[in-house]
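Novice: Sharing a model prediction with you, sequence too.
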Amino acid sequence: MINVLINGFYGKMGQVLANEVKQDNDMNLIAGVDKNAISTHSDSKVYNYISDCNDAIDVIIDFSHPDSLSDLLKYATEKNIALVIGTTGLTSNDMDKIKMAAEKIPIFYSANMSLGINVLVSILKNITPVLEDTFDMEIVEKHHNKKIDAPSGTAYMLAEAINSTLEDKKDYVFDRHVKKEARDKNEIGIHSIRGGTIVGEHTVIFAGCDEVIEIKHSASSKKIFAQGAIKAAKFIYNKESGFYNMEDLMKM
Ligand SMILES: NC(=O)C1=CN([C@@H]2O[C@H](COP(=O)(O)OP(=O)(O)OC[C@H]3O[C@@H](n4cnc5c(N)ncnc54)[C@H](OP(=O)(O)O)[C@@H]3O)[C@@H](O)[C@H]2O)C=CC1
Ligand SMILES: O=C(O)C1=N[C@H](C(=O)O)C[C@H](O)C1
């Protein structure tokens, strides 16, 4: 059995994940951590601070808030516990800290744990070199009205997938407003929409002369992210230290 701790336990993802972990025969939900822990709130043990947890844990799965990152990395590295991180809105400095911690423990990071988005990443890497000279590239992401970061972590991940194939990297332009100059060829536009309960939609638009290609991924339930995180946890809990992502998991 793999012993799991969930960071961000009372959150939308934390609760969906707890449910999925409980139904998984290989996993044992040991406890949760949330900044407003109320012991009577659920049938699971929940701590206010990760440092309060002295249980034997094999893997921590984190869907919380960037503010919890320092405590999370300190705890996991000190106790030598594998980490799966799905939290978005992280800065490049945060990502550097994650990569430094990954020199000591195995860490899996993905801004989107669904299989579909990660297939979309490989499609983008294949088609961008063919289209880059003549097509403009725009990304539109839509999420629920409770989401606190914009653009989504996935939108950045898709833009990075496009850029990874290009020698001349494109700049990112967010929520483009009308400006005097024409659209610069050397940019990727990223547009964020927030409303209702939209789980997550990402569309990549390649707009050429007299033709348009649109590739869209729609999530209709948060379960796909939770199930992806469980696969990631099973993949890394007994791995060597290192920084892992969905590409490593999909290669298996
Ligand atoms: N990688 C992926 O596939 C996916 C990633 N996400 C990302 O996961 C994160 C969580 O999403 P979601 O569940 O919708 O958000 P929620 O706001 O519903 O949940 C986050 C939870 O973490 C708690 N929290 C805040 N700060 C801390 C802290 N310092 N320590 C521990 N817990 C803390 C929040 O408490 P409080 O409400 O009191 O602030 C809340 O209970 C987001 O960054 C989101 O973008 C979401 C879906 C899929
Ligand atoms: O906050 C969410 O809900 C989601 N966040 C992730 C992101 O920022 O890309 C992944 C998914 O789209 C849902």
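Specialist: Here it is on my side, so go on. Ligands and ions are numbered 1, 2, ... in the order given.

Novice: Would the helix or strand in which residue 28 is found count as contacting ligand 1?
Specialist: Per DSSP states H and E: residue 28 is located in strand 27-33. Yes - using Cβ under 6 Å from any ligand atom, we find that strand 27-33 touches ligand 1 at residue 33. For the C-beta atoms, the positions are set from N, CA and C on the backbone; glycine is no exception.

Novice: Distance from that strand to the middle of the chain?
Specialist: Centre-to-centre, strand 27-33 and its host chain are 20 Å apart (Cα atoms, centre = their mean, to the nearest Å).

Novice: Pull that strand out as CSV, backbone CA atoms only.
Specialist: Extracted in CSV, the C-alpha atoms of strand 27-33 (Å, rounded to 0.1, in the frame of the first residue of the first chain):
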residue,chain,number,x,y,z
MET,A,27,-3.4,3.6,-1.9
ASN,A,28,-4.0,4.5,1.7
LEU,A,29,-5.2,8.0,2.6
ILE,A,30,-3.3,8.7,5.8
ALA,A,31,-4.2,12.4,6.4
GLY,A,32,-4.7,15.9,4.9
VAL,A,33,-3.3,19.3,5.4
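
Novice: Go through that strand and flag the buried ones.
Specialist: Neighbour-count burial for strand 27-33 flags 27, 29-33 (criterion: 16 or more other Cβ atoms under 10 Å).

Novice: Tell me, how many residues neighbour residue 99?
Specialist: For residue 99, the neighbour count with other Cβ atoms under 10 Å is 13.

Novice: Please name the residues that touch it.
Specialist: By Cβ atoms under 8 Å, 6 or more residues apart in numbering, the contact set of residue 99 is residue 243.

Novice: thinking again about what came up before, out of the buried residues of strand 27-33, which one sits closest to ligand 1?
Specialist: When these are compared for distance to ligand 1 (Cβ to the nearest ligand atom), residue 33 wins out at 5.3 Å.

Novice: Now for that closest one: which residues touch it?
Specialist: 5-9, 46-50, 53, 64, 68.

Novice: pLDDT of stretch 163-183, averaged?
Specialist: What stretch 163-183 shows for mean pLDDT is 87.

Novice: got it, and stretch 75-86?
Specialist: 98.

Novice: Which residue ranges make up the domains of this structure?
Specialist: Here the domain assignment for the chain is 2-113+222-251, 115-219, based on the TED database.

Novice: which parts of the stretch 101-250 of the chain sit against ligand 2?
Specialist: The interface of the stretch 101-250 of the chain toward ligand 2, taken as Cβ under 6 Å from any ligand atom, is made up of 111-112, 143, 147, 152-154, 200.

Novice: picking up where we left off before, in PyMOL, select just the buried ones from the contacts of residue 33.
Specialist: Only the buried entries of the contacts of residue 33 go into this PyMOL selection, using 16+ other Cβ under 10 Å:
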select buried, resi 5+6+7+8+9+46+47+50+53+64+68
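
Novice: of the contacts of residue 33, list those near ligand 1.
Specialist: The subset of the contacts of residue 33 within reach of ligand 1, by Cβ under 6 Å from any ligand atom, is 7-8, 64, 68.

Novice: Where does the stretch 1-150 of the chain get nearest to ligand 1, which residue?
Specialist: Closest point on the stretch 1-150 of the chain to ligand 1, by Cβ to the nearest ligand atom, is residue 11, at 2.0 Å.

Novice: ranges for the strands of the chain?
Specialist: Counting by DSSP state E, the chain has strands at residues 2-7, 27-33, 46-47, 59-62, 82-85, 106-109, 136-143, 171-174, 187-194, 200-207, 212-219, 242-244.
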